[in-house]
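Novice: A structural model of the following input is requested.
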Amino acid sequence: MAVSETIVREFFELHGFFVQQRRKYVTPTARDEEEIDFFVLNPQPQAGPGELPFVLAAPDLPRLASAVVVVRGWHTETFSPSRLASMPELFRFVEPAIFQQAARSFGGALQPTKILIVPAFPAGEDSRQQSIALLRSKGVDAAIPFRTLLADLIAHVEPNRNYQKSDLLQMLRVLKNYDFFREPQLELFKARRRRAKTPPSPAGDSATSDRPSA
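Specialist: Predicted coordinates:
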């Protein structure tokens with residue numbers, strides 16, 4: 001869980017948020033799931049048209065003023081509707097008593113967004129929309145998949161910088177320096193070029209060369 005929380009902290013700090021961890025210890029009780037992991041505060045939020053989408057991406061963050069963040073780093077799980085329905089403890093952090101206690105940490109002037117960090121949503125559009133609808137119905141305001149966090153961190157890490165104050169960013173920098181991460185667009189274009197260079201069939205060449213002239 002510590003690695004997952006580190007990823008989340010680095011993501012929000014990268015985008016200029018003040019991040020406060022809810023607790024540094026692990027409680028021995030069964031109700032540990034109700035704890036909120038982070039309070040995040042944007043010192044310079046920006047206005048924008050319309051409402052924020054439920055599934056947030058990095059470009060949406062400037063419009064986010066404050067949030068309580070719960071991390072669910074079950075990286076082998078998908079948040080399918082059936083999985084969510086079988087986990088009522090997942091939504092304890094949005095219960096009024098718990099949320100209001102957390103909201104007081106912002107001084108009462110802000111109504112923080114309730115954000116859930118999830119492993120992944122289902123690939124199918126119907127199941128994805130059902131999962132989002134279920135999360136909304138339980139009181140969750142927004143969600144961010146771990147893939148979004150990691151992709152954004154990798155994109156911002158520069159191989160020629162020394163991130164000695166962050167073990168996570170330093171590791172990403174080393175991996176990027178040794179070409180373990182590649183640009184998806186470049187790989188896509190390379191694949192297209194390979195398909196375009198399919199050699200002509202030998203049988204077709206032979207048939208053409210043996211054909212008698214008119």
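Novice: after the one helix or strand A151 maps to, next one along is what?
Specialist: Here A151 sits within helix 146-156, counting by DSSP states H and E. Next in sequence after helix 146-156, counting helices and strands by DSSP H and E, comes helix 167-177.
Novice: what's the angle from that following helix to helix 146-156?
Specialist: Compare the direction of helix 167-177 with that of helix 146-156 by axes from the mean of the first three to the mean of the last three C-alpha atoms, to 10 degrees and you get 70 degrees.
Novice: which outside residues touch the helix holding A151?
Specialist: Contacts to helix 146-156, defined as C-beta atoms under 8 Å, 6 or more residues apart in numbering, come from residues 4, 7-8, 10-11, 14, 56-58, 73, 75, 117-120, 168-169, 172, 176, 181. Every residue, glycine included, has its C-beta placed from N, CA and C.
Novice: 7 Å instead, please
Specialist: Counting contacts by C-beta atoms under 7 Å, 6 or more residues apart in numbering, the residues outside helix 146-156 that touch it are 7-8, 10-11, 14, 57-58, 75, 117, 119-120, 172, 176, 181.
Novice: what comes up buried for it?
Specialist: Along helix 146-156, these residues count as buried under the neighbour rule (16 or more other C-beta atoms under 10 Å): F146, T148, L149, D152, L153.
Novice: and the first one, how far from L84?
Specialist: When C-beta to C-beta, to the nearest Å is applied, the distance between F146 and L84 equals 16 Å.
Novice: try L116
Specialist: 10 Å.
Novice: of these two, who's got more company?
Specialist: L116 (21 against 18; other C-beta atoms under 10 Å).
Novice: which ones are touching the more buried one?
Specialist: Under the criterion of C-beta under 7 Å, 6+ apart, the contact partners of L116 comprise V70, R72, L135, V140, A143.
Novice: distance of the third one from N177?
Specialist: Right, the one you point to is L135. Separation of L135 from N177 (C-beta to C-beta): 38 Å.
Novice: the two: who's more crowded?
Specialist: Using other C-beta under 10 Å, the more surrounded residue of L135 and N177 is L135, with 25 against 13.
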